[in-house]
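>>> Below are the sequence and a predicted model; questions follow.
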Amino acid sequence: MRQISLNNRFFFGFGVAIMITALGYVAPTIIWLSAISFFGLGLLLLVDLLFLFVVVKPVKYVKHYQEKLSLGDQNPIKISLTNVGKVRIWVTVNEGFPIDMQARNTHYDASLNPFESLEITYDYIPKKRGVYGFTDTYIFTKSIFGLLARRTIIPHQAPIHVYPSILQMKRFEQMLFQQNKLQTGIRRVRKIGMSREFEQIRNYVPGDEIKSINWKATSRKNELMVNQYQEEKSQNVYCIIDKGRIMQMESLNLSMLDYAINSTLVLSNICLHKSDKIGLFTFSDKLGTTLPASNKRNQLKKILDQLYAQKTTFQDSNFELLQQHISDKVRTRSLLLLFTNFENPFTLQRSLPYLLQLKKRNLLVVVLFRNEELEHFSSLKPDNQRHFYQGVLASKMIIEKEKMAKQLNAMGIQTILTKPEELSTAVINKYLHLKAKGLL
């Protein structure tokens, strides 16, 4: 009985039978229609029951998805339905998503001929990192007359693992090393290395420095040729992720921490391709992960495993503790990319002495996020006094954020001020620019 599900047609037919019975009390000459309607409904129910539980065999269901899903990306999930019986069937599939991710069920209707298979593919965008599990899938096999459906529950025991965006990492890797990158947002910056070691002569591409043109080779080939020099390698790069409460702010359903984690994974992959050493620090009111810089093969996996379970706290971040820890652990000059956010000048002034201490021995880059909600308010046309003051206040806070970025730059601290969704591109461009200028 638990497998039986009543469809809308059953309730409609039952309602019609009740109405005929009620009319029979007003017009006794049609009371015989009441008996016929209930008898006919019962006969159709019996036929549907025999069809569903004797003739029809349960549909075969298989779900395919990657072992590691990428946070914030479209992850393809494929389900396969196979009719193993000898009669045509009609099925409805209700896919269940993890409750923690607050995703709605996906509903599919299909008809399958005898021994026919059908594949359905849909994209799933997880919004949180961690270990989750799909809820049960419900398959409803409909009967001939559509009065009943046979419910089959497919339990899902295997957990799903949501990691930082691996798809984004691969996409940026492909964008960086392909021939034409000018339309991807990543600027082509060619480094004439500090060592000035000659590597090769190649064709000129937009973005190359004019002084690197080899005029002799140009005259021989009748096209612009440039000298390419080797970049310095094995330089230390550390990503420092703030996990304080300020990083809980969200944009497009992802927190600032998630954007920082995705960008850290992307940059780590790029650094390893450039033969630089990459390391990781996380902190909030106390120290978190410490991963020494390395360019070994398994370094990217270590970083991915560390980023996998990072979470924000409800405390203010302790920059003094971070400065002392980095001074103790980082002995050579390194590039420090600090993913944090300052929403007002007071919080910046409180942390500024420790940032200046980090800057003395290292090349420090502070990554700040633009507040898109404030930019939205400031761009709205006010239609009353309240909206006018909201727009003025939003514009003031935006200007304060830009002033903070300029203040850091004036003190010799490199700054990135960007929208969260453009963070990875901005970080890669900054890294390539610093490598090109030989500032590491």
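On my side now, so go ahead. This structure is a prediction, so every number in the text was calculated from the model and none was measured.
>>> With the flanking residues excluded, which residue is spatially nearest to the residue positioned nearest the centre of the chain?
For the chain, the residue sitting closest to the mean C-alpha position, by Cα atoms, centre = their mean, is G72 at 1.4 Å. For G72, the nearest residue in space outside its immediate sequence neighbours is L254; the separation is 5.2 Å by Cβ to Cβ, 6 or more residues apart in numbering. To be clear about C-beta, it is placed using only N, CA and C from the backbone, and glycine gets the same treatment.
>>> Run a quick neighbour tally on that neighbour.
Neighbourhood size, L254 [other Cβ atoms under 10 Å]: 19.
>>> Check the gap between the residue nearest to the centre of the chain and M225 for me.
From G72 over to M225 the distance is 42 Å, taken as Cβ to Cβ, to the nearest Å.
>>> now do I18
Relative to M225, I18 is positioned 90 Å away (criterion: Cβ to Cβ).
>>> Pick out whichever of the two has more residues nearby.
Set side by side, I18 and M225 give different neighbour counts by other Cβ under 10 Å, the larger being at M225 (20 against 13).
>>> Could you point out which residue ranges in the stretch 1-150 of the chain have low pLDDT?
For the stretch 1-150 of the chain, the stretches flagged by pLDDT under 70 are 1, 99-105.
>>> could you pull out the strands for it?
Using DSSP state E, counting those that start in this stretch, the strands found in the stretch 1-150 of the chain span residues 4-6, 60-64, 68-70, 75-82, 89-95, 106-112, 117-124, 130-132, 137-142, 148-154.
>>> May I see those strands organised as JSON lines, with distance to T289 and mean neighbour count added?
Rendered in JSON lines, the data for those read as follows (distance: least, Cβ to Cβ, whole Å; neighbours: other Cβ atoms under 10 Å):
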{"stretch": "strand 4-6", "distance to T289": "49", "mean neighbour count": "14"}
{"stretch": "strand 60-64", "distance to T289": "33", "mean neighbour count": "13"}
{"stretch": "strand 68-70", "distance to T289": "19", "mean neighbour count": "19"}
{"stretch": "strand 75-82", "distance to T289": "25", "mean neighbour count": "16"}
{"stretch": "strand 89-95", "distance to T289": "35", "mean neighbour count": "20"}
{"stretch": "strand 106-112", "distance to T289": "36", "mean neighbour count": "14"}
{"stretch": "strand 117-124", "distance to T289": "28", "mean neighbour count": "13"}
{"stretch": "strand 130-132", "distance to T289": "16", "mean neighbour count": "16"}
{"stretch": "strand 137-142", "distance to T289": "37", "mean neighbour count": "20"}
{"stretch": "strand 148-154", "distance to T289": "38", "mean neighbour count": "19"}
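>>> pLDDT on the lengthiest helix in the chain, on average?
With DSSP state H applied, the helix covering the greatest number of residues in the chain is identified as helix 385-410. When pLDDT is averaged over helix 385-410, the result is 88.
>>> in the helix or strand following that helix, what's buried?
On the C-terminal side of helix 385-410, the closest following helix or strand by DSSP states H and E is strand 414-418. Going by neighbour count (16 or more other Cβ atoms under 10 Å), the buried part of strand 414-418 is Q414, T415, I416, L417, T418.
>>> buried set for whichever helix or strand comes after strand 414-418?
Of the helices and strands lying after strand 414-418 in sequence (DSSP H and E), the nearest is helix 423-437. The neighbour-count check on helix 423-437 (16+ other Cβ under 10 Å) flags 423-432, 434-436 as buried.
>>> Tell me the one among these nearest to K311.
Each of those was scored against K311 by Cβ to Cβ, and L423 proved nearest at 19.0 Å.
>>> Can you give me the pLDDT of the closest one?
As summarised for this prediction, L423 has a pLDDT of 92.
>>> shouldn't it be in contact with A260?
Yes - counting by Cβ atoms under 8 Å, a contact exists between L423 and A260, whose distance comes to 7.3 Å.
>>> what sits in contact with each of the two?
Listed as contacting both L423 and A260 by Cβ atoms under 8 Å, 6 or more residues apart in numbering are V367.
>>> next one: stretch 366-382 to chain centre, how far?
How far stretch 366-382 lies from its chain's middle: 22 Å, per Cα atoms, centre = their mean, to the nearest Å.
>>> Out of the strands of the stretch 1-150 of the chain, which is closest to Y238?
Y238 lies closest to strand 68-70 among the strands of the stretch 1-150 of the chain, at 23.9 Å (Cβ to Cβ).
>>> who's in contact with the closest one?
By Cβ under 8 Å, 6+ apart, the residues outside strand 68-70 that reach it are N75, Y124, P126, I160, H161, V162, Y163, P164, S165, I166, L167, Q168.
>>> Low-confidence ranges, the stretch 151-300 of the chain, go.
157, 176-199, 207, 229-233.
>>> Okay, strands next: where are they in it?
Listed in chain order, the strands of the stretch 151-300 of the chain (DSSP E, counting those that start in this stretch) span 160-163, 198-203, 225-229, 236-242, 250-251, 254-255, 277-283, 287-294.
>>> Show me what V162 is bridged to.
With DSSP bridges as the criterion, the beta-bridge partners of V162 are L69, G130.
>>> what about it, distance to L380?
V162 sits 35 Å away from L380, going by Cβ to Cβ.
>>> Show me which of the two is the more surrounded one.
Neighbours around V162 and L380, counted as other Cβ under 10 Å, are more numerous at V162. The numbers are 23 against 12.
>>> Please look at that one and G133 and confirm they touch.
No - under the contact definition of Cβ under 8 Å, V162 does not touch G133, with a separation of 11.2 Å.
>>> Comparing the strands of the stretch 151-300 of the chain, which stretch has the densest surroundings?
Highest mean neighbour count of those: strand 236-242, a mean of 25 (counted as mean count of other Cβ atoms under 10 Å).
>>> Residues in contact with that one: which ones?
With Cβ under 8 Å, 6+ apart as the contact definition, strand 236-242 has outside contacts at 247, 257, 260-261, 264, 267-268, 271, 276-284, 293, 310, 317, 322, 326, 330, 332-341, 431.
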